[in-house]
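K.L.:
Kindly generate the corresponding structure for this input.
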Amino acid sequence: MYIKTKKDIGEKEKKEILNFLQDNKLGSIILKECDYYKIGIIGDKKNVDLDRLLSFDGVDELVSIGKSYKFVSREFKPEDTVIDIKGRKIGGGNFLMMAGPCAIESRESIFEIAERVKKSGAQVLRGGAFKPRTSPYDFQGLGEEGLRYMREAADKYDMLVVTEVMDASDIPLISKYADIFQVGARNMQNFSLLKALGKCGKPILLKRGLSATMRELLMAAEYIVAYGNREVILCERGIRTFETITRNTVDINAIPLLKEKSHLPVIIDASHGTGRRSLVEPVTLAGTIAGADGAMVEVHENPECATSDGMQSLYFNEFEKLMGNLKKVLKLRDELE
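P.N.:
Take a look at the predicted model:
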């Protein structure tokens with residue numbers, strides 16, 4: 001439910017509404033429209049007489065939201081959300097490319113990768129410092145040392161940093177180095193983590209779970225938004241099906257459908273979605289023509305020797321080719337619109 005205010009209400013009337021919600025232990029999400037506000041009501045409303053709000057000078061009406069994912073839905077916010085991160089935008093026609101290794105392996109490696117992907121057109125440097133591996137014996141990441149290397153490389157080449165957070169206790173540490181927190185597929189429904197990220201003050205890249213429905217992904221995003229953070233990017237990274245020739249099955253139709261249901265930006269991760277280097281470019285381009293607002297691609301200076309995910313990591317020349325074709329696809333998409 002949200003409160004639709006009267007047109008051109010003053011700060012006094014708005015504060016009266018917010019004080020009522022606070023006094024009843026309810027949270028709020030404030031959305032400014034042309035000449036009025038939508039104030040989303042968050043929390044347990046069962047024992048609160050919300051009809052009292054109708055007597056407030058600034059309240060026009062109370063509006064119910066039909067969707068279970070209320071504040072990430074287009075029912076609440078019809079226009080696209082545009083997230084501005086240090087001048088780089090995603091959503092609303094702005095495309096953001098994120099590229100880098102699966103795992104940060106050394107200072108020399110991440111600097112070389114950052115230089116090359118930036119030269120090809122990437123705006124965000126990706127890389128894992130804390131790696132959730134299937135086997136406890138596989139490389140688990142460099143930790144803070146890796147975060148420091150990636151931040152230094154990103155600063156040198158004027159890039160943003162996106163990296164995965166696996167536990168709420170790691171948020172303060174990672175926040176010192178990252179511009180975007182990534183929630184991996186395994187943690188999509190780690191609700192204590194999602195709640196904590198709702199209060200972190202930085203954009204969140206939320207990956208779809210291994211077998212998650214689109215509704216479950218949107219409900220996970222709703223957790224982050226409900227706890228105070230509206231800057232959420234959804235990521236289609238493939239789901240587990242009966243097919244075994246690829247790592248996962250990329251759900252291309254999820255991209256336009258998520259954008260139909262939600263105002264949040266959506267990106268595609270064809271590296272994890274396919275697990276095959278030869279498929280990364282065509283599936284990334286397919287996701288882009290389907291409406292993706294960005295892409296995440298794994299790139300390595302020597303994929304055959306990568307500590308993780310080498311089979312799905314692009315060589316530098318392959319990433320350069322992808323970026324060239326991506327520009328053509330984005331131009332075509334604009335013409336089709």
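
K.L.:
Centroid-wise, who is the farthest residue in the chain?
P.N.:
Distance from the C-alpha centroid of the chain peaks at Ser55, with 39.0 Å (C-alpha atoms, centre = their mean).

K.L.:
Which residues does stretch 110-121 contact?
P.N.:
Contacts with stretch 110-121, where a contact means C-beta atoms under 8 Å, 6 or more residues apart in numbering, come from 97, 99-101, 104, 125, 127, 146, 149-150, 152-154, 156-159, 299-301, 316, 319-320, 323, 326-327. From N, CA and C alone the C-beta is placed, and that goes for glycine too.

K.L.:
can you pull out the helices in the stretch 101-250 of the chain?
P.N.:
Along the stretch 101-250 of the chain, the segments classed as helices by DSSP state H, counting those that start in this stretch run 107-120, 144-156, 171-175, 191-197, 214-226.

K.L.:
winner for burial among these?
P.N.:
helix 214-226 (a mean of 21; mean count of other C-beta atoms under 10 Å).

K.L.:
and it, what does it pack onto?
P.N.:
Packed against helix 214-226 by the contact rule (3 or more C-beta pairs under 8 Å, 6 or more residues apart in numbering; DSSP states H and E) you find strand 27-32, helix 191-197, strand 204-207, strand 232-236, helix 254-261.

K.L.:
let's see it at 7 Å
P.N.:
Helix 214-226 makes packing contacts with helix 191-197, strand 204-207, strand 232-236, helix 254-261 when contacts are defined by 3 or more C-beta pairs under 7 Å, 6 or more residues apart in numbering; DSSP states H and E.

K.L.:
now the angle from the last one to strand 232-236?
P.N.:
Comparing the axes of helix 254-261 and strand 232-236 via axes from the mean of the first three to the mean of the last three C-alpha atoms, to 10 degrees yields an angle of 150 degrees.

K.L.:
Within the sheet, what are the partner strands of the following helix or strand past helix 254-261, with directions?
P.N.:
Per DSSP states H and E, the first helix or strand lying C-terminal to helix 254-261 is strand 266-268. Applying DSSP bridges, strand 266-268 is found paired with strand 232-236 (parallel), strand 294-298 (parallel).

K.L.:
so which of those gets nearest Lys89?
P.N.:
strand 294-298 (10.0 Å; C-beta to C-beta).

K.L.:
Show me which positions of the following helix or strand past the closest one end up buried.
P.N.:
Once the chain leaves strand 294-298, the next helix or strand it forms, by DSSP H and E, is helix 316-336. Neighbour counts over helix 316-336 (16 or more other C-beta atoms under 10 Å) mark 316, 318-320, 322-323, 326, 329, 333 as buried.

K.L.:
So what's the residue count around the nearest residue to Glu145 once chain neighbours are set aside?
P.N.:
Excluding the flanking residues, the one nearest Glu145 by C-beta to C-beta, 6 or more residues apart in numbering is Ala129, at 7.9 Å. By the criterion of other C-beta atoms under 10 Å, Ala129 has 25 neighbours.

K.L.:
Show the pLDDT at Ala129.
P.N.:
Looking at Ala129, its pLDDT is 91.

K.L.:
ok, it - contacts?
P.N.:
104, 141-143, 146-147, 163 (C-beta atoms under 7 Å, 6 or more residues apart in numbering).

K.L.:
And Ile174, by the same measure?
P.N.:
147, 163, 165, 181.
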